[in-house]
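Student: Any chance you could fold what I've pasted below:
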Amino acid sequence: PPDNTRNISAAEVSRDWKFHREDVLKEVFEMCDKDGDEKLAEKEMGRALRFLGLNPTEPQIREMIIEHNTPKGKLTFEQFVSSLENAIGSWSMFEDLMVAFSVFDPCDTGHANRAELKENLTMLGEPLAEEEAEDWLSLVETNSRGDVNYQLMVKEVLRREGFLGGADKM
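Tutor: Next up, the predicted model:
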């Protein structure tokens, strides 16, 4: 039988992920827009951010809304996405790191072997110094199987390095 498989380029994966991300954010936005006015009020915004895995304080949410200077204190979808991007800093950096670390997570659990991550952090891409790799890995606990939650590690590294913008406690 003919081989109908084809190689997928990194550009295609990136384009597909960006398209998918927009769908996910739109779905979260619509789900949290309880009054159906296509805008998120402060309480709805907090719900949406928490649904996306962030943990903002009420003052942080208020600040995100104030930065858009909206007349009724409600954000459109575009403003929501902008606030979200500002809150987590470089969204693409976060995505890039998630894709990079997912290579070490064949079962898609969000965890990877600590020793394997450390070895690759010091050898691949822009290699980290041994101490810096250890510093990154020390931000999260190692479980009994020797695995770390790399998703949490990435969030912690980005937060600590200041890439999470004004929302550093989210």
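Student: which regions of the chain lie under the pLDDT threshold?
Tutor: Across the chain, the ranges flagged by pLDDT under 70 are 1-20, 87-92, 162-170.
Student: Which residue ranges of it form helices?
Tutor: 10-32, 42-51, 58-66, 77-87, 91-102, 114-121, 130-137, 150-160 (DSSP state H).
Student: Including mean neighbour count and distance to residue 143, could these go into JSON lines?
Tutor: In this view, the C-beta of every residue, glycine as well, is placed from N, C-alpha and C. Output for the helices of the chain, formatted as JSON lines (neighbours: other C-beta atoms under 10 Å; distance: least, C-beta to C-beta, whole Å):
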{"stretch": "helix 10-32", "mean neighbour count": "13", "distance to residue 143": "28"}
{"stretch": "helix 42-51", "mean neighbour count": "19", "distance to residue 143": "25"}
{"stretch": "helix 58-66", "mean neighbour count": "17", "distance to residue 143": "30"}
{"stretch": "helix 77-87", "mean neighbour count": "18", "distance to residue 143": "29"}
{"stretch": "helix 91-102", "mean neighbour count": "16", "distance to residue 143": "16"}
{"stretch": "helix 114-121", "mean neighbour count": "17", "distance to residue 143": "9"}
{"stretch": "helix 130-137", "mean neighbour count": "14", "distance to residue 143": "13"}
{"stretch": "helix 150-160", "mean neighbour count": "19", "distance to residue 143": "12"}
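Student: which stretch among these comes nearest residue 144?
Tutor: For these, the distance to residue 144 is smallest for helix 114-121, at 11.6 Å, taking C-beta to C-beta.
Student: What is the closest one packed up against?
Tutor: Applying 3 or more C-beta pairs under 8 Å, 6 or more residues apart in numbering; DSSP states H and E, one finds that helix 114-121 contacts helix 130-137, strand 147-149.
Student: what would the ones you listed look like in CSV with distance to residue 102?
Tutor: Formatted as CSV, these follow (distance: least, C-beta to C-beta, whole Å):
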stretch, distance to residue 102
helix 130-137, 16
strand 147-149, 13
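Student: what's the closest of those to residue 51?
Tutor: strand 147-149 (19.1 Å).
Student: I'd like to know which elements the closest one is packed against.
Tutor: Packed next to strand 147-149, using 3+ C-beta pairs under 8 Å, 6+ apart, are strand 111-113, helix 114-121.
Student: how about it: buried residues?
Tutor: Of all the residues in strand 147-149, those buried under the rule 16 or more other C-beta atoms under 10 Å are 147, 148, 149.
Student: Please tell me I have it right and the second one contacts residue 111.
Tutor: Yes: taking contact to mean C-beta atoms under 8 Å, the distance of 6.5 Å between residue 148 and residue 111 places them in contact.
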